[in-house]
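Trainee: sequence below, structure please.
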Amino acid sequence: MGIFSRTRDIIAANVTDLLDRAEDPAKMIRMIIMEMEETLVEVRASAARTIADQKEMRRQIAKLDALQDSWTEKAELALSKDREDLAKAALVEKQKAGDMAEQLRIEIAVLDDALRASEADIAKLQTKLREARTRQTAIMNRIETAQNRARLREAYGGSKVQDAFSRFDVLERRADLAEGRAEALSLGGPGKSLEDEIAELRNSDKVDAELEALKASMARRNAGGDAQEQEG
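Mentor: Prediction:
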């Protein structure tokens, strides 16, 4: 992916600096975590091969040690038969087996050093991976918070809300006119007749019914908008 050149670069990397320079921090942190996980798998696989190699070498050493014992017995047998030449030859073979065993022990020691280095690298990679995952959680929370804030701004400042408030203004104006007519009828004349009062009640009921219908319509639209956002 071109972010790191594997183990050493990952261990030395400053995740925060990488994210600060990234145009898309969420995408970058996903890539970083993916590469860290892949590298961790590779380092563990390498350590597993090292352990397997050591086991094989120790088996070979055991065989060579047994072979040295065998050549010692053969040398003793040759000496017991006054065959010093054969005893000497057997001891030469014993020495060869001993040299091979010693070389394998040296290689095992080298692999021990490599295994300790791999163990240290695995610990550091795991630390970096935990750091990256923590940053990922923080980034995703920030993105979610920003999206929620944007939705709230749209809900409170969008055209639907403005349109609803405009319709409320119209209804309030109608109510004002109805009240004005009712009050005008009482100016300079006798009190309201029974028919006038009943007519006012009917007008008031119409306004109230239209207001409730508007509220129900807005509630349905808002419920529909919320359902679309959840599906999205």
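
Trainee: list the helices and strands the host helix or strand of Ala199 packs on?
Mentor: Here Ala199 sits within helix 194-231, counting by DSSP states H and E. Here helix 194-231 is seen to pack against helix 159-185 when contacts are counted using 3 or more CB pairs under 8 Å, 6 or more residues apart in numbering; DSSP states H and E. Bear in mind the C-beta positions are built from the backbone N, C-alpha and C, glycine included.

Trainee: now the helix it packs on: mean pLDDT?
Mentor: Along helix 159-185, the predicted local confidence has a mean pLDDT of 69.

Trainee: rewinding a little: chain center to the helix holding Ala199, what's the gap?
Mentor: Distance, stretch centre to chain centre, for helix 194-231: 47 Å (CA atoms, centre = their mean, to the nearest Å).

Trainee: could you do stretch 5-23 as well?
Mentor: Relative to its parent chain, stretch 5-23 has a centroid offset of 16 Å by CA atoms, centre = their mean.

Trainee: OK, contacts around Val43?
Mentor: For Val43, the contacting residues are Thr7, Ser118, Asp121, Ile122, Leu125, taking CB atoms under 8 Å, 6 or more residues apart in numbering as the criterion.

Trainee: now do 6 Å
Mentor: Counting by CB atoms under 6 Å, 6 or more residues apart in numbering, Val43 makes contact with Ser118, Asp121, Ile122.

Trainee: now the buried members of the residues you listed.
Mentor: In the contacts of Val43, burial by neighbour count holds for Ser118, Asp121, Ile122, counting by 16 or more other CB atoms under 10 Å.

Trainee: coming back round to it: CSV for the contacts of Val43, including distance to Ser204, secondary structure and pLDDT?
Mentor: Shown next, in CSV, are the contacts of Val43 (distance: CB to CB, whole Å; DSSP: H, G, I helix; E, B strand; the rest coil; pLDDT from 0 to 100):
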residue, distance to Ser204, secondary structure, pLDDT
Ser118, 85, helix, 91
Asp121, 81, helix, 90
Ile122, 79, helix, 92
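
Trainee: out of the residues you listed, who's nearest Met28?
Mentor: Compare each of the contacts of Val43 with Met28 using CB to CB and the shortest gap goes to Asp121, at 22.9 Å.

Trainee: can you give me the pLDDT of Asp112?
Mentor: Each residue has a pLDDT score; the one for Asp112 is 95.
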